[in-house]
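S.K.: whatever this is, show me its structure:
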Amino acid sequence: MSDHRAAVRHHTLRTGIVEFDNGAGSIIRVPCTIRDVSGTGARLALNSSLWVAEQFSLIFLSGLRKDCRVAWRKGRLLGSAFTEGCASPDEQAVMMTADEQSRHRLGIAARVKAARETRGYTEAQLAERIGVAPAFVSLAENGEADIPLYQLMHIADLLMVSLDGLVAGPAPNAEEFDAA
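M.R.: All right, here's what the predicted structure looks like:
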């Protein structure tokens, strides 16, 4: 599976604009619904049946502009891939609403907690091994604090799980972590 297809998508259903040059020097702007978004691309529902160029810019309501290429088409649905590769964490934060970010943080928290419990560590033991206060681990496992990437990498190594599994894996399940 390609990195684009494997990236976790966050359901959005918000308005955006597809912008492209029609080949005759005119810029065309087409409203769309951004159905979901990931760090590598977005799935769009076009609000019209107008043809869209293979290369275009996706403009979010926040003003963020991402250059894209068409990955697939199906009727008015359009799969797009960001041409510059993965969006930065700051860009991804702009692409998701506060509720979406909260759900994502809660998912990470649940997977970290499940992996920690499966490996038999207490919050205090995990905190000591990654060099943070036990209160931080408690806050992080309740989804009340963001865990920096370097600490997630350290946690993944310590608990013998993949970083991808912690950040974007399916809902926590003890058998997954036992297999790691």
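
S.K.: please, where are all the helices along this structure?
M.R.: Counting by DSSP state H, the chain has these helices, from start to end: 3-6, 89-95, 98-118, 123-130, 134-141, 149-159, 163-168, 174-179.

S.K.: okay, those helices in TSV with mean pLDDT next?
M.R.: Output for these, formatted as TSV (pLDDT from 0 to 100):
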stretch	mean pLDDT
helix 3-6	43
helix 89-95	78
helix 98-118	86
helix 123-130	95
helix 134-141	94
helix 149-159	89
helix 163-168	76
helix 174-179	42
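
S.K.: need those in TSV (columns: distance to Thr15 and mean neighbour count).
M.R.: All C-beta atoms are positioned from the backbone trio N, CA, C, and that covers glycine. Output for those, formatted as TSV (distance: least, CB to CB, whole Å; neighbours: other CB atoms under 10 Å):
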stretch	distance to Thr15	mean neighbour count
helix 3-6	23	14
helix 89-95	13	16
helix 98-118	15	18
helix 123-130	41	16
helix 134-141	33	18
helix 149-159	30	17
helix 163-168	26	17
helix 174-179	37	12
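
S.K.: go through the ones you listed and name the closest to Ala42.
M.R.: Among those, the nearest to Ala42 by CB to CB is helix 89-95 (7.9 Å).

S.K.: quick one: contacts of the closest one?
M.R.: His10, Thr12, Val37, Gly39, Ala42, Phe60, Ser62, Leu64, Lys66, Ala87, Gln101, Leu149 (CB atoms under 8 Å, 6 or more residues apart in numbering).

S.K.: any idea how far the fifth one lies from Cys68?
M.R.: This means Ala42. From Ala42 across to Cys68, the span is 7 Å (CB to CB, to the nearest Å).

S.K.: do the third one as well
M.R.: In this structure, Val37 lies at 11 Å from Cys68, with CB to CB as the measure.

S.K.: okay, the two: which has more neighbours?
M.R.: Per other CB atoms under 10 Å, whichever of Val37 and Cys68 has more neighbours is Val37, with 27 against 24.

S.K.: that one reaches Phe82, doesn't it?
M.R.: No: using CB atoms under 8 Å, Val37 is not in contact with Phe82, being 9.8 Å away.

S.K.: buried residues in stretch 38-47?
M.R.: Residues Ser38, Gly39, Thr40, Gly41, Ala42, Arg43, Leu44, Leu46 are the ones in stretch 38-47 that count as buried (16 or more other CB atoms under 10 Å).

S.K.: dump the contacts of helix 89-95 into TSV; add distance to Thr118 as well.
M.R.: Converted to TSV, the contacts of helix 89-95 look like this (distance: CB to CB, whole Å):
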residue	distance to Thr118
His10	26
Thr12	32
Val37	31
Gly39	27
Ala42	34
Phe60	38
Ser62	38
Leu64	38
Lys66	37
Ala87	31
Gln101	26
Leu149	22
